[in-house]
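Participant: Using only what follows, build the 3D model:
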Amino acid sequence: MLKFGGVMADKNYNNLISKKRKSESFSFLSSLKYIVCLGTIFYLFSSSNGLKTKKDCIPYDNTKLILESSDVDDIVLNLEREFGVEIDDQNIDSLVLLNSILENENINNDDKKIFYGFYSIVEDCKYLDKENAYKTFKNLSIERTRHEDNNTSKVLGDYLFNSKKINIYVEKDFENRIITHEGIHALFTSKKSFKLPYYFREGMTELLSNEYYSDDPFYEANIYPYQVSYIKMLCEMVGSDIVMETFCKGDFSLITNYLDLYNNTNYDSKDLLDIYEDSFKSQLEGTKSKYSSQLQEEARNNLKKIYLNINPDYDNYSSFEYNLNLASSVFEEDAEDFYFDYINYNGIFEKAYFNTDLKNKFSNSRLVNLNEREKVLVKRK
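Facilitator: Numbering: from 1, shown residues only. The predicted structure follows:
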């Protein structure tokens, strides 16, 4: 689900969205180059074993898509007819899942173009449940309903897992970002992922949307800003690989068990993170947290202690502290003012956590002035 994050809109935000949409628009059939690039959408066969038939596959592994060889042949023929290209053996694995979107008559061509770009996320994610992703995008639908028909005006969009449907509740100018966010939900949501804390899921989804689809990937001003910082903070503590594995497998204990190895405080790591989850909920709903300000401050200080136990040499401490402070904005009486004042004073921390291309481009993370930073062209292969 995508909601307004309770933070004022950046005055340049509409311009950023406009620029992003222009960078996304291109002709799907303009050249063979684009066909092959877009065809690698769901690079769901990234292992060296590639595509397996049922008779060849011994242990079940949901990170590999298992299809009958005859089905693969039919799909390849369909793709070759549709795009007028000849697919050789080395392209089969990377092209076959394109068919799930290509043949989905519930999705219009503009929306499909957005989903074709998800291959970059999949390529970077070795833990994704590929069977679930294939079935989801084969049956996905999108319904547009305006605010007057929606009971919760702050909700911009949502994804319904059981019905495989994305609902969009905003005007057209804002649709692409909502479809991207909810589409990422569709890509990762499974029966297991429902076990994850709600705002962990939302923060992960929005951070992936930023890193793979935004031309301003390091600055979150409007949607789930505190939660995005929270995810970055967890990446600094346990590593982005464990955070992504948690997101895909729906097992939050992968994070909390790691933290507890270094936790010599009086609180379990899960209890400390529950305080943040509760505060995110309270901030968005305008309600009072069930935890006292003293417990909130203890949660913040204890996470810092755990981090220093993990990194006694203060490795990457500046990026950890930066995101800890932003995530902890929700503890403040006026979270919005604190968040923006902190960024205005300290700048934007340019550091990527999941997008390989972005990490390579910004190999040396740094703080840059909010108003002097350059926009980033996010390249989707």
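
Participant: Please tell me how far the spatially closest residue to residue 338 that is not a sequence neighbour sits from residue 100.
Facilitator: Closest residue to residue 338 apart from its sequence neighbours, by C-beta to C-beta, 6 or more residues apart in numbering: residue 332 at 4.2 Å. C-betas here are computed from N, CA, C, even on glycine. Taking C-beta to C-beta, to the nearest Å as the measure, residue 332 falls 45 Å from residue 100.

Participant: ok, now residue 233?
Facilitator: 35 Å.

Participant: does the residue nearest to residue 245 when sequence neighbours are not counted sit in a helix, a strand or a coil?
Facilitator: Nearest residue to residue 245, sequence neighbours excluded (C-beta to C-beta, 6+ apart): residue 127, at 4.9 Å. The three-state assignment at residue 127 reads coil, by DSSP: H, G, I helix; E, B strand; the rest coil.

Participant: got it, and residue 167?
Facilitator: Under three-state DSSP, the three-state class of residue 167 is strand.

Participant: list the contacts for it?
Facilitator: If a contact means C-beta atoms under 8 Å, 6 or more residues apart in numbering, then residue 167 has 142, 143, 144, 145, 157, 158, 159, 160, 182 as its contacts.

Participant: Hmm, which of these is lowest in pLDDT?
Facilitator: Between those, the one the model trusts least by pLDDT is residue 145, at 85.

Participant: burial count for residue 133?
Facilitator: Using other C-beta atoms under 10 Å, the number of residues around residue 133 comes to 24.

Participant: next SSE after the helix or strand it falls within?
Facilitator: Taking DSSP states H and E as the criterion, residue 133 maps to helix 130-139. The helix or strand immediately downstream of helix 130-139 is strand 141-144, counting by DSSP H and E.

Participant: The following helix or strand past that following strand to helix 130-139, inter-axis angle?
Facilitator: Per DSSP H and E, the first helix or strand lying C-terminal to strand 141-144 is strand 155-160. Per axes from the mean of the first three to the mean of the last three C-alpha atoms, to 10 degrees, the angle that strand 155-160 makes with helix 130-139 is 110 degrees.

Participant: Send over strand 155-160 as PDB, restricted to the C-alpha atoms.
Facilitator: This file holds the C-alpha atoms of strand 155-160, laid out as PDB (Å, rounded to 0.1, in the frame of the first residue of the first chain):
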ATOM      1  CA  VAL A 155      -4.100   6.000   0.400                       C
ATOM      2  CA  LEU A 156      -2.600   6.500  -3.100                       C
ATOM      3  CA  GLY A 157      -2.600   2.900  -4.200                       C
ATOM      4  CA  ASP A 158      -2.600  -0.700  -2.900                       C
ATOM      5  CA  TYR A 159      -1.800  -4.200  -4.000                       C
ATOM      6  CA  LEU A 160      -4.300  -7.000  -3.200                       C
END
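
Participant: for that strand, packing partners?
Facilitator: strand 2-3, strand 165-168, helix 175-188 (3 or more C-beta pairs under 8 Å, 6 or more residues apart in numbering; DSSP states H and E).

Participant: First-to-last residue distance for stretch 189-204?
Facilitator: End-to-end distance for stretch 189-204: 12 Å, by C-alpha to C-alpha, to the nearest Å.

Participant: Next one: the residue nearest to residue 338 from residue 234, what distance?
Facilitator: 20 Å.

Participant: quick one, which of the two is more surrounded?
Facilitator: residue 234 (27 against 17).

Participant: ok so the more buried one is a strand residue?
Facilitator: No. Going by three-state DSSP, the assignment for residue 234 is helix, not a strand.

Participant: On the three-state scheme, the residue nearest to it when sequence neighbours are not counted is what?
Facilitator: Closest residue to residue 234 apart from its sequence neighbours, by C-beta to C-beta, 6+ apart: residue 243 at 5.4 Å. When classified by three-state DSSP, residue 243 comes out as helix.

Participant: Thank you, goodbye.
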